[in-house]
Every structure is written in structure tokens, then in C-alpha cells.
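Q: my questions are about this predicted structure, shown below with the sequence.
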Amino acid sequence: MNHFNNAFDIVAKLRPDVPVAANRPHIVKRAAKWFLRNFAGDILYAVKANPSLWVLDTLWEAGVRNFDVASLNEIQLIYNRFKGANLAFMHPVKNRNSIARAYHEFGVRTFSLDSMAELEKIREATGYANDLNLLIRLSVSNTSSSISLDGKFGIKGDEAIELLRAARAVTREDLGICFHVGSQCMDPHAYVRAMDAAKSLIIQAGVVIDILDIGGGFPVNYRGINPPDMKQYMSLIAQKFESMPVTENCSLWCEPGRALVAEATSIITRVELVKGDMVYLNDGAYGNLFDATHVQWPFETKHIRVEDKPQGKMRPFKLYGPTCDSIDALQTEYYLHEDVKEGDYIEFMMLGAYGVAMTTGFNGFGETLEVISNDLPHISMFDEADKIILTTEA
């Protein structure tokens with residue numbers, strides 16, 4: 001990928017007519033180094049957040065060796081890319097062929113599940129192997145998160161107790177518990193409450209736990225959304241882990257995705273038409289702006305024009321994507337200079353997670369040009385000392 005100084009440099013030199021992903025590997029490296037230094041356990045990168053090769057290579061270079069994979073394609077991607085990578089198949093519902101191939105072809109031994117039926121499926125597909133690491137996915141409260149993930153997966157109460165006992169009985173290797181507090185978790189105590197819920201079930205089940213996986217959900221700074229200091233999350237999790245009823249050598253895991261990569265990419269879109277307060281872009285709901293349209297987070301934006309600076313006061317505009325589908329529209333109003341016109345560019349920050357990973361080819365659109373940008377993001381969850389140290393390393 002070609003290197004540029006910043007978004008203005010990209011626009012001035014390329015005048016792109018397709019959306020551009022301005023990628024910053026040095027920002028991924030900074031986030032990875034921060035987590036590796038500050039989390040009191042093992043880091044599993046959630047590949048679904050952004051499976052781009054430049055992201056994976058940067059994480060590997062930074063020292064990340066464990067990966068949360070959710071499909072056979074993700075397993076093959078990591079297996080073929082990195083010799084010695086540790087893979088955890090963390091989708092609670094898997095088809096039999098994927099389980100069998102993961103186990104027999106790719107050496108996967110760690111599987112998550114949240115039902116007796118899935119336990120039996122895993123056992124049958126692996127030939128009743130007794131060297132499995134089984135992680136029971138609990139259902140925990142997601143009330144502190146922007147996106148709730150507790151409706152589709154997870155088990156609780158007496159059913160969880162029964163499943164823990166059944167899984168313990170069929171594996172000679174590690175038994176674990178995993179959960180997810182939801183995406184963009186705004187309260188570090190949510191992890192403590194979830195760990196308390198896990199603690200209660202462990203005691204009631206009377207089983208030995210070898211792995212505690214607290215999942216992902218760590219937040220990033222979107223416009224007007226200011227999470228607590230990330231170090232609060234790390235400190236509270238480490239303190240609570242010390243009181244968990246687990247084995248002395250129990251492993252503590254987490255699965256950051258968004259937190260590792262969101263800050264590292266911005267999406268540069270071009271204005272194709274302005275009609276009153278309606279601005280039509282060359283990217284949208286079916287492209288890199290999925291989160292901006294469907295999740296409705298208010299991403300920080302920059303209004304870019306090469307020949308002269310945008311003029312006039314800032315006022316709200318409604319932004320639309322390029323497809324002919326009427327739902328291809330950003331629900332949040334964005335403020336641009338009032339003289340915005342065709343040929344201007346709008347940069348959307350913080351789209352390193354679920355940006356390029358969510359693109360489709362609907363309506364014939366979807367092409368994205370990927371480049372490297374050497375600047376820093378507008379805001380970070382990581383403190384100034386970490387910025388300085390890791391910028392010099394980059």
C-alpha cells in the first residue's frame with residue numbers, strides 16, 4: 001500500500017473516485033502493545049473486527065499470538081498466515097463440518113458452546129476427543145453497553161450448571177467459562193458483575209475452572225462518547241480475578257476487537273451531489289459506513305477540499321450512500337461547512353473496526369482503495385505516555 005502523510009495528502013495526490021481506507025498500522029501496534037502490557041492475562045484478537053492482512057501482520061509483529069476465530073474461513077486465514085498461532089473457535093453455534101475440519105486439519109482444540117446439543121455436536125464431530133478445551137458461554141447483563149449481545153447466545157441458571165458439569169465430565173483438558181458484556185461497554189464494573197455471576201455458577205456447579213474468558217466489549221472514543229479510562233477496566237478485572245474460585249494456574253483471557261483496531265483507520269468518501277440539506281456520498285450502509293448507518297454512532301468527520309478551504313458556518317446535513325436503496329442513509333446529522341459541494345471529501349474517523357470488514361458488493365458498489373496514513377488519530381483511549389513510546393517504535 002502507498003504511504004501518505006494524512007487525509008489531505010491522500011486527496012490532493014490521488015483525487016480518488018472510490019472510497020479510501022486510510023490505514024495506520026502504527027496505531028494498531030500501539031493498542032496491541034498497550035493491551036499486552038496492561039491486561040493481566042492472554043489477549044485473543046477478535047478477527048471479525050477487521051481481518052485485513054495488514055492488521056493481522058501488525059498484531060503478530062506486536063506480539064499477539066492468540067486469535068478468536070468464528071468461522072472456518074477465519075481459521076484457515078490465521079492458520080495459513082502464522083505458524084504457531086493459537087486458535088479458539090469462539091462461535092457458540094458451529095456446523096459439524098467446520099468443527100471436524102477445525103479439529104482434524106487445523107489443530108483447533110478450544111471451542112465455545114452454550115447448549116447440551118452443541119456439546120454433543122462437538123464431541124461427535126471430533127470423534128469423541130478427550131483433548132478438548134471447552135468454554136461455556138454464559139448469558140450476562142449487557143445493560144452497560146451500546147450494542148447488546150445477550151439475546152442470541154449464552155446460557156444461565158440451572159441449565160448453565162448442568163452444562164458445566166457435563167462438559168467437565170467429558171474433557172481431560174481445560175474447562176472454561178466465557179461471556180460477553182456487549183459491544184462498546186461504558187462501565188468497567190460490568191465486567192466485575194459478570195465475573196460475580198460466573199463465580200456463583202462455578203460454586204453451584206462444583207466444578208474446577210481452568211480458563212476465564214471475559215470476552216470483548218472494550219470501548220473506544222467516538223464523537224461525544226467518552227468512556228472511562230481504559231486502565232480502570234484493567235485494574236477492576238485483575239482485582240476481581242484474584243477472588244475467583246478457579247485453579248491456581250487458571251488462565252485469564254480477553255477478546256478485544258474494536259479496541260485494538262477502531263482508531264487505526266479512517267474512511268475518506270467523496271461528495272457526488274448536494275441537494276439542499278442532502279449530501280450524497282460514494283460510500284454508505286452497504287460499504288464501509290455500516291456502523292455509521294445502522295449503529296448510528298456519531299463519527300468524527302473532517303471536511304476536505306484541495307483547491308481552497310471550505311467556507312461558511314457549520315450546519316447539519318443528512319448524508320446518503322451511493323446505492324439506490326432508500327435505507328442507505330446515515331441516521332445521524334453531520335455538520336459540514338455550508339458551501340459543501342460536489343467533489344469535496346468527507347473523512348470519517350475511527351472506522352478501523354467493522355468498516356472494510358462489513359463491505360458488500362450490493363448494487364455494484366463496494367470497491368475501496370486502501371493506503372497507509374502516517375498521522376495520529378484525533379483522540380485515543382491510550383494515554384500520552386503510550387503514544388510517545390509507541391510512536392517512536394513505529
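A: Yep, that arrived.

Q: list the helices and strands the longest strand anywhere in the chain packs on?
A: The longest strand of the chain (DSSP state E) is strand 265-275. In terms of contact count using 3 or more CB pairs under 8 Å, 6 or more residues apart in numbering; DSSP states H and E, strand 265-275 is assigned the packing partners helix 7-14, strand 20-23, strand 278-281, strand 345-348. Where C-beta positions appear, they are placed from N, C-alpha and C, glycine not excepted.

Q: what lines up beside it in the sheet?
A: For strand 265-275, the paired strands and their directions (DSSP bridges) are strand 20-23 (antiparallel), strand 278-281 (antiparallel), strand 345-348 (antiparallel).

Q: per the record, what domains does this structure have?
A: 3-22+262-373, 25-261 (automatic domain parsing).

Q: looking at those, which is nearest to residue 381?
A: When these are compared by CB to CB, domain 25-261 sits nearest residue 381, at 4.8 Å.

Q: can you list the low-confidence ranges for the stretch 201-350 of the chain?
A: Filtered on pLDDT under 70, the stretch 201-350 of the chain yields no residues whatsoever.

Q: run through the strands of it in chain order.
A: With DSSP state E, counting those that start in this stretch as the criterion, the stretch 201-350 of the chain has strands at 211-213, 251-254, 265-275, 278-281, 301-304, 314-320, 334-337, 345-348.

Q: pull out the buried residues from the third one.
A: By that I understand strand 265-275. For strand 265-275, burial by neighbour count (16 or more other CB atoms under 10 Å) applies to 265, 266, 267, 268, 269, 270, 271, 274.

Q: and the host helix or strand of residue 192, what's buried?
A: Using DSSP states H and E, residue 192 sits within helix 189-205. With burial defined by 16+ other CB under 10 Å, the residues of helix 189-205 counted as buried are 190, 191, 192, 193, 194, 195, 197, 198, 199, 201, 202, 205.

Q: so the fifth one makes contact with residue 140?
A: Read it as residue 194. Yes: the pair residue 194 / residue 140 is scored as a contact, 4.0 Å apart, by CB atoms under 8 Å.

Q: residue 303 is nearest to which of the strands paired with strand 265-275?
A: Among the strands paired with strand 265-275, the nearest to residue 303 by CB to CB is strand 345-348 (6.2 Å).

Q: packing partners for the helix or strand following that closest one?
A: Downstream of strand 345-348, the first helix or strand assigned by DSSP H and E is strand 369-373. Packing partners of strand 369-373 (3+ CB pairs under 8 Å, 6+ apart): strand 3-4, helix 7-14, strand 20-23.

Q: can you tell which of the strands paired with strand 265-275 is closest to residue 325?
A: Residue 325 lies closest to strand 278-281 among the strands paired with strand 265-275, at 13.0 Å (CB to CB).

Q: can you list the residues that contact that closest one?
A: Contact partners of strand 278-281, identified using CB atoms under 8 Å, 6 or more residues apart in numbering, comprise 269-274, 289, 317-322, 336, 340, 346.
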